[in-house]
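In: pasting the sequence and the predicted coordinates here, then a few questions.
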Amino acid sequence: MQYLEMDTENCPVRRALDLVGEKWSLLILRDAFNGVRRYDDFRRHLGLSEAVLADRLRKLVAAGILRAEPYREPGARTRSQYRLTSKGRDLWPVLLALKQWGDSHAGDPAGTPLDIRHADCGAPVRVEVVCADEDHTTLTPYQVTVRPGPAARPRRD
């Protein structure tokens, strides 16, 4: 079966985009990775409407990407703060790859607004595609082959 003959309904990229492929969801995740936890802080930092923020947070929690934890300031009602789950933390390389692409192709001429470095040595962090064989180096799209996997299904035209 060739790629164009494959059904794309069960494509993992498509399923992932169904969960996190909306702009505000990715920006909420970016902020969560950078320590934002509380609704009011997300709203203030992102500048989006309460309805959109509440909807995206609800969807990210339902998908198991964020978890809501109750907190209470003295004299105030109980509210939720949001923390990344392990499923959410697995999206870190995706966001770093988007940042890396944005810095290269849509960046500010003055440089990156968010400088991410290794805490131990201070070197910049970057995302690379590598082969599982430890003896191989970074790969380009021209160095891989794509074949139907076990869940591939033929297209129904």
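Out: Here it is on my side, so go on.
In: can you tell me the centre-most residue of the protein?
Out: Nearest to the mean C-alpha position of the chain, counting by CA atoms, centre = their mean, stands residue 91 at 4.1 Å.
In: my guess is that one meets residue 30, correct?
Out: No: between residue 91 and residue 30 there is no contact under CB atoms under 8 Å: 9.8 Å. Backbone N, C-alpha and C define where each C-beta goes, glycine included.
In: contact partners for the residue lying closest to residue 64 once chain neighbours are set aside?
Out: What sits nearest to residue 64 in space, not counting adjacent residues and going by CB to CB, 6 or more residues apart in numbering, is residue 87, at 5.0 Å. By CB atoms under 8 Å, 6 or more residues apart in numbering, the contact list for residue 87 reads 63-65.
In: so what's the closest residue to the residue nearest to the centre of the chain other than its chain neighbours up against?
Out: Nearest residue to residue 91, sequence neighbours excluded (CB to CB, 6+ apart): residue 29, at 6.0 Å. Residues near residue 29 by CB under 8 Å, 6+ apart: 20, 60, 65, 84, 88, 91, 95.
In: what sits against the last one?
Out: Contact partners of residue 95, counting by CB under 8 Å, 6+ apart, are 26, 29-30, 33.
In: please redo it, this time with the cut-off set to 6 Å
Out: Residue 95 sits next to residue 30 when contact means CB atoms under 6 Å, 6 or more residues apart in numbering.
In: for residue 146, see how far away it is.
Out: As judged by CB to CB, to the nearest Å, residue 95 and residue 146 stand 24 Å apart.
In: what do you get for residue 43?
Out: According to CB to CB, residue 43 stands 41 Å off from residue 146.
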